[in-house]
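Enquirer: give me a 3D structure for the following:
(one chain, ligands or ions: 1)
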Amino acid sequence: MQLYDGGRAPNPRRVRMFLAEKGIDIPKVPVDLAKMEQAGDAFKALNPLQRVPVLVLDDGTPIAESMAICRYFEALHPEPNLFGRDPKEIALIEMWIRRVELNFYSPVSTVFRHLHPAMAEREVPQIPAWGEANKSKALAFLALLDFELGKRKFVAGDRFTVADIVAAITTDFMRVAKLEVPADMKNIHRWFNEISARPAFAA
Ligand SMILES: N[C@@H](CCC(=O)N[C@@H](CS)C(=O)NCC(=O)O)C(=O)O
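Expert: Alright, predicted model coming up:
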């Protein structure tokens, strides 16, 4: 199998961090997003949505969507467990993945896609006012997460899980979107310093 990868872009990064946490190494095919390789016919045959990452299985099946790819590897390599061990933990991790993707990743990505000059040709139409409007949405969720992280060590509970990967890669992506974590969000800073110090974060 092969992972169609996209450099420092956040979605491929969360899959690479997940694989590194699991100790899994698979062949990678770089897709140059700046050169719009994702819009070429060969790549569109793998993912008509023209987005990375995509995992292509040995039988040719393409699996897109970062969390779907991570779940595939969790099923193949259950340890270390990152998606939950019992019904309650599985549900809590899923709850936080969805909360983070919908209320945090999505607005940060919208800020980037609608305000960054590098995205002008890809995000058509680019609507700067929509980018601006999403800044406060991203920060509102971050404030909620700061409050939650005052009650426990990790995003979904008392141990590191895939929910931390999703939230930490998004927090790091804020820099690219020219957003800052406010200095007074002490719990976010404490947690992010810890997650970003994990060797897998550099994957
Ligand atoms: N929901 C998808 C999102 C994938 C996505 O948006 N990938 C970005 C890179 S982070 C991409 O391929 N962008 C190419 C483009 O916008 O043309 C996932 O979870 O993997």
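
Enquirer: this protein against the ligand: which residues are in contact?
Expert: Listed as neighbours of the ligand in the chain under the rule CB under 6 Å from any ligand atom: 6, 9-11, 33, 38, 50-53, 65-66, 122. Any C-beta I mention is one placed from the backbone N, CA and C, and that applies to glycine too.

Enquirer: switch to 8 Å and redo it
Expert: 6, 9-15, 31, 33, 36, 38-39, 49-53, 64-69, 101, 109, 113, 119, 122-123 (CB under 8 Å from any ligand atom).

Enquirer: selection in PyMOL covering whichever of the residues you listed are buried, please.
Expert: Filtering the residues of the chain next to the ligand down to the buried ones (16 or more other CB atoms under 10 Å) takes a single PyMOL command:
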select buried, resi 6+9+10+11+12+13+14+15+31+33+38+50+51+52+53+64+65+66+67+69+101+109+113+123
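
Enquirer: what about the residue of the chain positioned farthest from its centre, helix or strand, and which?
Expert: Centroid-distance maximum for the chain: Asp59 at 26.4 Å, with CA atoms, centre = their mean. Per DSSP states H and E, Asp59 falls between elements, in no helix or strand.

Enquirer: what's the answer for Glu89, then?
Expert: Assigned by DSSP H and E, Glu89 falls in helix 87-100.

Enquirer: return the distance of that helix from the chain's centre.
Expert: Its chain's C-alpha centre and that of helix 87-100 lie 15 Å apart, by CA atoms, centre = their mean, to the nearest Å.

Enquirer: could you say what helices and strands that helix packs with?
Expert: In terms of contacts (3 or more CB pairs under 8 Å, 6 or more residues apart in numbering; DSSP states H and E), helix 87-100 is packed against helix 128-148, helix 162-176.

Enquirer: how big is the angle separating it from helix 128-148?
Expert: Interaxial angle, helix 87-100 versus helix 128-148 (axes from the mean of the first three to the mean of the last three CA atoms, to 10 degrees): 150 degrees.

Enquirer: can you list contacts of helix 87-100?
Expert: Residues outside helix 87-100 that contact it (CB atoms under 8 Å, 6 or more residues apart in numbering): 67, 83-84, 141, 145, 155-157, 161-163, 166-167, 170.

Enquirer: buried ones in it?
Expert: Going by 16+ other CB under 10 Å, helix 87-100 has these buried residues: 89, 92-94, 96-97, 99-100.
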